[in-house]
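[1] How does the following fold in three dimensions:
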Amino acid sequence: MQYIAETLNAAFPAVGYKVPEGTYLAWIDLNPLGVDMDALQKVLVEEEKVAIMRGDTYGPEGHGYIRLNAGCPRSKLEAGVLA
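    Down below sits the predicted model:
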């Protein structure tokens, strides 16, 4: 989780991702970036093969968030975060 925070915050300081307490799910708020979530999902899931879920899948409170499962080998996590 520390790797996710360091990598994302270095590339996108506006995200300001903080390591959560006791979970392997990274809820990443992309609202500050104004990202087109449909386009992002298409690129990450279909092209880069990064398994994310859009936050709005879980309700309106998740609008603009993605959920990244960090419970995987470090090599997969690195490939996914750098995609």
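[2] C-alpha only now, for contacts and for neighbours.
    Noted.
[3] Flag every buried residue along the helix or strand harbouring Glu78.
    Assigned by DSSP states H and E, Glu78 belongs to helix 74-82. By neighbour count with 16 or more other Cα atoms under 10 Å, helix 74-82 contains the buried residues Leu77, Gly80, Val81.
[4] Go ahead and confirm the second one touches Ile52.
    No: between Gly80 and Ile52 no contact is recorded; they are 9.2 Å apart, counting by Cα atoms under 8 Å.
[5] any idea which of the buried residues of helix 74-82 is closest to Glu61?
    Set against Glu61, the nearest of these by Cα to Cα is Val81 (23.1 Å).
[6] pLDDT score for the spatially closest residue to that closest one that is not a sequence neighbour?
    Spatial nearest neighbour of Val81, chain neighbours left out: Ile4 (6.9 Å); criterion: Cα to Cα, 6 or more residues apart in numbering. pLDDT, Ile4: 93.
[7] doesn't Lys53 fall inside a strand?
    For residue 53 the amino acid is Met, not Lys. Yes: assessed by DSSP: H, G, I helix; E, B strand; the rest coil, Met53 belongs to a strand.
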